[in-house]
Each structure stands twice: as C-alpha cells, then as structure tokens.
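*Asks:* just need the structure, nothing else, for what follows:
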Amino acid sequence: MMFYFSGAGNSYAVAKQIAESIKDEQIIPLARFEDLKQCEKAERIGLVFSCYDGNAPDIVLDFKNKLFNLIDKKNIYVFAVITA
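*Replies:* Predicted structure coming up:
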C-alpha cells in the first residue's frame with residue numbers, strides 16, 4: 001500500500017514512481033483514506049508527503065500514530081519518503 005499527502009502534486013508523482021517500481025497497485029490519497037484496518041493485511045506500507053516548516057503535516061502525524069498502534073508487533077515493513 002502506498003499512501004501520499006500532496007498539495008502541488010509532487011508527493012503524488014513520487015508515490016506513483018515508487019509504487020510502479022515495487023509493483024504496488026494501490027496508491028491512496030491520505031486525505032480520503034478511512035479504513036485503517038486494511039493496513040493489517042499489507043506486506044509493506046509506504047507514506048510519501050511534503051515537509052512544511054520542518055515538520056510533517058498533522059494529517060500525516062495522526063495517520064502514522066494510528067497506523068503504528070494498529071500494526072504494533074506485526075511483521076509489516078513501513079517506510080516514508082519526504083519530498084520538498
């Protein structure tokens with residue numbers, strides 16, 4: 001699963017490139033994602049977002065916290081890419 005949060009489209013473009021290279025068909029806009037339970041079935045989860053004033057946006061931090069609580073002690077590879 002590949003999630004992205006993008007304002008100008010740069011993070012979406014990066015998420016799309018990564019998803020294509022790892023043969024992941026799911027590219028999901030973080031702002032529209034509601035069913036966190038789907039993540040329990042994933043082998044890997046990617047998150048691509050832009051940095052604002054040196055920090056991740058609140059929506060990204062909130063998602064990350066909920067995700068880590070959900071997948072705690074599960075064997076799921078999680079990675080993040082921060083775009084400028």
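*Asks:* please report how far the spatially most distant residue from the centre of the chain lies from L47.
*Replies:* Distance from the C-alpha centroid of the chain, by C-alpha atoms, centre = their mean, peaks at D53 (19.5 Å). Per C-beta to C-beta, to the nearest Å, D53 is found 19 Å from L47. Yep, even glycine has a C-beta here, placed from its N, CA and C like the rest.
*Asks:* same question, D58
*Replies:* Distance from D58 to L47, by C-beta to C-beta: 14 Å.
*Asks:* go on, I22?
*Replies:* Counting by C-beta to C-beta, the gap from I22 to L47 is 14 Å.
*Asks:* picking up where we left off before, higher neighbour count, D58 and L47?
*Replies:* Ranked by neighbour count (other C-beta atoms under 10 Å), D58 and L47 place L47 first, with 23 against 9.
*Asks:* dig out what that one forms beta bridges with.
*Replies:* F3, A80 (DSSP bridges).
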